[in-house]
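Peer 1: sequence unknown, structure follows:
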């Protein structure tokens, strides 16, 4: 089997509110990845997107992006897997290359979500819930996040302060990421312990406050993958190895799970990725975790095997997951601060891994030349999860 | 590289108006393919669908189908490539197997379109047109079909009677297909030459009448692919070989093409598929052609290299493309009679190829034991096309 490298990454302009079209936004990110790779000699384009047909009146985005950028004769399609669309598309890019059908593949994720009022966006996101058991009863994703947090609070003694600590950390990292939507420090006093905190940080779905969940963001991210044996053709020595990918599933309806605090799909996906990469948890230097809700950062870190069950919040209290800690988590700012344009998130996580492994993450660079990075991209409410491991290649 | 086989196909219940949910409809088709294959030991599921997020309030269909059928630990995702979603998903299934990541993959295409009034459906389909050059100006796909027909009429002397001949042939075939939406004979007199014809067959987009285009249909289709070296594990001797796949692109805006009567993407996709299969046009015994508009049956047959440019309608006049002709086309009834649930069509085309190659097509069986079948699945208005060749395996 051919090995696969990532030879270029890019995120275009800063995430937040994008005033152009969805395709323009994805084209910007794609061009930044093409510039980074130093080639536009691309065979195939997979676009990761969840809802353009619904919220942007556009389908067939793979075709549209290729046409817009004049990447002919590249061929394309769109990949949709809820908020895990990005890493799923990268996984399919890996298949496209290792199958021998294509040598160079571009993965561009994008979602233009700030086109509609909040309730419309919340409804859009809920279209991936179970249609009969959840969606038609009005279940929203913030409510699922709240259920999970309540279980965690009761079972493991996690507190609102713990969730706030994660948000504060991710905001600190986001402040150092020029692509992040939210570039603003927050404090425990400002969001939880002062008189004004209740106004700054209102309850959304008890026990989750506004700052316990990601914002609604427009954004795109892109990466270019290449068969390892062809990397030299592009004279780019800054490539990283696509070392492992895994995908796991769980029941769609959250209430059907024996213990919802254990994310089985994360466990399966991670085990597969580690097996493929030939690495153990101890080999990983830093991680991008899908914190659509801050409680998920704890649950995913535990289910992926980086911390014992019910213990990740203790590591957070000790500062272990901070940028200068023993295991930095969400150096990009995570979904909380970078933002969460659903189709783009999984690709942006891999961009951050690449920048860190190349030593190009600037003020948020992980110390001591990290060698292996891990990402988890969480689809549905954890029923369809993709984990990826990228590794620095020794020169 | 591993060879890939199709070991099971199915289309569930008759296409037309489906009263259950989209997932139920896709599950029915999937179960018929699983029964046919004799295994539900499936590693991955790719769902082909274009618009469920928009017209059925549901996303993440791969997850939903796996959950509904309890196919765990199979993993899944959705593939969207306009009306070419089906063959694109099969192509990605081929990649999944040849990459070594998966051994057995199920491809299920489905679209539940009869949920909204005609203009809403027409608008939904138009979301794959060029957003600035076509969609916002009100271009619809019937109008694009009409433009193409007019060019053909002027350039090659094709007539309304020629289009009607294709529709009549495809209705004749559909009458022999228990899955077809439209199972009804039509005559030249009934739709074109009698006094009542103008009522039976009104003009929709000059020069196209109602019977020159496909109906709006609910439907699903499914197939199961397996690495050739694992076929014996399933003790199914009726498998066919996935011999060739090709994908080609053209400009998104139709008016940018030098000569819109030549479908460049069909040409590219076909050449690739033939090269991979190691076959020539003369080796192909029958074909499924994407006749969303009957004029496309002519244009695709010519652009795919089966007839000289501007000559396919002469072959139709001679009856060559009829079931008993020298080169049967759309033995299933095609999009005209079987129907065109956009995400399902490309998968249904491959189901028909499999049934014909296995000699199980009943009343519509192609004579003389066909050995190689060809399908073209047409995305956008011909800007993203996938061609597939399936071959009977000698026992």
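Peer 2: Great, that's in hand. Note that the structure is predicted; figures quoted are calculated from it, not measured. Numbering: from 1, shown residues only, chains lettered A, B, ... in the order given.
Peer 1: I'd guessed residue A:203 sits against residue A:213; true?
Peer 2: No. With contacts counted by C-beta atoms under 8 Å, residue A:203 stays clear of residue A:213, the gap being 11.4 Å. Yep, even glycine has a C-beta here, placed from its N, CA and C like the rest.
Peer 1: okay, these two: which has more neighbours?
Peer 2: Just comparing residue A:203 and residue A:213: by other C-beta atoms under 10 Å in any protein chain shown the higher neighbour count belongs to residue A:213, 25 against 12.
Peer 1: Tell me how far that one lies from residue A:87.
Peer 2: As for residue A:213, its distance to residue A:87 is 21 Å (criterion: C-beta to C-beta, to the nearest Å).
Peer 1: ok, which residues in the stretch 101-250 of chain A are in contact with chain B?
Peer 2: Residues of the stretch 101-250 of chain A that fall close to chain B, judged by C-beta under 8 Å from any C-beta of the partner chain: A:101, A:124, A:127, A:128, A:130, A:131, A:132, A:135, A:245, A:247, A:248, A:249.
Peer 1: Just list the residues touching the third one, thanks.
Peer 2: The one in question is residue A:127. Residues near residue A:127 by C-beta atoms under 8 Å, 6 or more residues apart in numbering or on different chains: A:51, A:54, A:135, B:53, B:57, B:58, B:59, B:60.
Peer 1: same question, the first one
Peer 2: Contacts for residue A:101 (C-beta under 8 Å, 6+ apart) come out as A:44, B:91, B:94, B:95, B:98, B:245.
Peer 1: give me the beta-bridge partners of the closest residue in space to residue A:268 that isn't next to it in sequence?
Peer 2: In space, and not counting its chain neighbours, residue A:268 is closest to residue A:248: 2.9 Å by C-beta to C-beta, 6 or more residues apart in numbering or on different chains. Beta-bridge partners for residue A:248, by DSSP bridges, are residue A:385.
Peer 1: For residue A:248, give me its contacts.
Peer 2: For residue A:248, counting by C-beta under 8 Å, 6+ apart, the contacting residues are A:264-270, A:272, A:384-385, A:387, B:73, B:75.
Peer 1: could you dump those to TSV with neighbour count?
Peer 2: As requested, the contacts of residue A:248 are arranged in TSV below (neighbours: other C-beta atoms under 10 Å in any protein chain shown):
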residue	neighbour count
A:264	21
A:265	31
A:266	28
A:267	20
A:268	21
A:269	30
A:270	27
A:272	19
A:384	32
A:385	33
A:387	32
B:73	14
B:75	31
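Peer 1: coming back round to it: now, among the residues of the stretch 101-250 of chain A next to chain B, which is nearest to residue A:150?
Peer 2: Sorting those by distance to residue A:150 puts residue A:130 at the head of the list, at 19.7 Å, by C-beta to C-beta.
Peer 1: Now do the phi/psi pair for that closest one.
Peer 2: The phi and psi values for residue A:130, taken as degrees, to the nearest 10, are phi -60, psi 130.
Peer 1: Isn't it up against residue A:144?
Peer 2: No. Between residue A:130 and residue A:144 there is no contact under C-beta under 8 Å: 10.7 Å.
Peer 1: So for these two, which residue has more residues nearby?
Peer 2: Comparing residue A:130 with residue A:144 by neighbour count (other C-beta under 10 Å), the higher total belongs to residue A:130, at 25 against 22.
Peer 1: check contacts around the more buried one.
Peer 2: Counted by C-beta under 8 Å, 6+ apart, residue A:130 has contacts A:252, A:253, B:64, B:67.
Peer 1: Those residues: which two are farthest apart?
Peer 2: Across these (C-beta to C-beta), the longest gap, 10.5 Å, separates A:253 and B:64.
Peer 1: So for those two, which sits in the more crowded spot?
Peer 2: Neighbour count, other C-beta under 10 Å: between residue A:253 and residue B:64, residue B:64 has more, with 28 against 17.
Peer 1: correct me, but that one touches residue A:132?
Peer 2: No. Residue B:64 is beyond contact range of residue A:132, at 10.2 Å (criterion: C-beta under 8 Å).
Peer 1: Show me where chain A dips below the pLDDT cut-off.
Peer 2: For chain A, applying pLDDT under 70 flags the ranges A:235-237, A:395.
Peer 1: distance from the centroid: which residue in it tops it?
Peer 2: In chain A, the residue that sits farthest from the middle, by C-alpha atoms, centre = their mean, is residue A:195; the gap is 33.9 Å.
Peer 1: SS state for that residue?
Peer 2: With DSSP: H, G, I helix; E, B strand; the rest coil as the basis, the three-state label of residue A:195 is coil.
Peer 1: Give me the phi and psi angles of it.
Peer 2: Main-chain torsions, residue A:195, degrees, to the nearest 10: phi -60, psi -40.
Peer 1: Contacts only, for it.
Peer 2: Going by C-beta under 8 Å, 6+ apart, residue A:195 touches no other residue.
Peer 1: any idea how far it is from chain B?
Peer 2: 41 Å (C-beta to the nearest C-beta, to the nearest Å).
Peer 1: Please enumerate the helices of the stretch 1-150 of chain A.
Peer 2: With DSSP state H, counting those that start in this stretch as the definition, the stretch 1-150 of chain A shows helices at residue ranges A:22-37, A:52-55, A:61-69, A:85-98, A:118-126, A:141-156.
Peer 1: Which residues of the stretch 251-395 of chain A lie near chain B?
Peer 2: Within the stretch 251-395 of chain A, the positions adjacent to chain B are A:251, A:252, A:253, A:268, A:379, A:380, A:383, A:384 by C-beta under 8 Å from any C-beta.
Peer 1: related to what we said a few turns ago, among the contacts of residue A:101, which pair sits farthest apart?
Peer 2: Using C-beta to C-beta, the pair of the contacts of residue A:101 lying farthest apart is A:44 and B:98, separated by 14.5 Å.
Peer 1: Name the residue in these two with the higher neighbour count.
Peer 2: Remark: of residue A:44 and residue B:98, residue A:44 carries more neighbours, 25 against 22, as counted by other C-beta under 10 Å.
Peer 1: got a list of what the more buried one touches?
Peer 2: Taking C-beta under 8 Å, 6+ apart, we find residue A:44 in contact with A:74, A:75, A:76, A:93, A:96, A:101, A:102, A:104, A:105, A:106.
Peer 1: ok, it to residue B:288 distance?
Peer 2: Separation of residue A:44 from residue B:288 (C-beta to C-beta) stands at 24 Å.
Peer 1: Run a quick neighbour tally on the spatially closest residue to residue A:234 that is not a sequence neighbour.
Peer 2: In space, and not counting its chain neighbours, residue A:234 is closest to residue A:39: 4.9 Å by C-beta to C-beta, 6+ apart. By other C-beta under 10 Å, 17 other residues sit near residue A:39.
Peer 1: Surely residue A:39 and residue A:106 touch.
Peer 2: No. Residue A:39 lies out of contact with residue A:106 (C-beta under 8 Å); the separation is 10.0 Å.
Peer 1: and for these two, which residues touch both?
Peer 2: Taking C-beta under 8 Å, 6+ apart as the criterion, residue A:39 and residue A:106 both touch residue A:224.
Peer 1: Looking at the contacts of residue A:127, spot the one nearest residue A:219.
Peer 2: Nearest to residue A:219 out of those is residue A:51 (C-beta to C-beta; 13.7 Å).
Peer 1: Tell me if I'm right that the closest one and residue A:344 touch.
Peer 2: No. Between residue A:51 and residue A:344 there is no contact under C-beta under 8 Å: 11.9 Å.
Peer 1: Tell me which of these two has more neighbours.
Peer 2: residue A:344 (36 against 23).
Peer 1: What is the neighbour count of the residue nearest to residue A:58 when sequence neighbours are not counted?
Peer 2: Nearest in space to residue A:58, with sequence neighbours left out and distances taken as C-beta to C-beta, 6+ apart, is residue A:52 at 4.8 Å. Neighbour count for residue A:52, taken as other C-beta under 10 Å: 28.
Peer 1: which residues sit in contact with residue A:52?
Peer 2: Counting by C-beta under 8 Å, 6+ apart, residue A:52 touches A:22, A:58, A:59, A:61, A:111, A:112.
Peer 1: Tell me the one of those residues nearest chain B?
Peer 2: Chain B has its nearest neighbour among these in residue A:59, at 4.5 Å by C-beta to the nearest C-beta.
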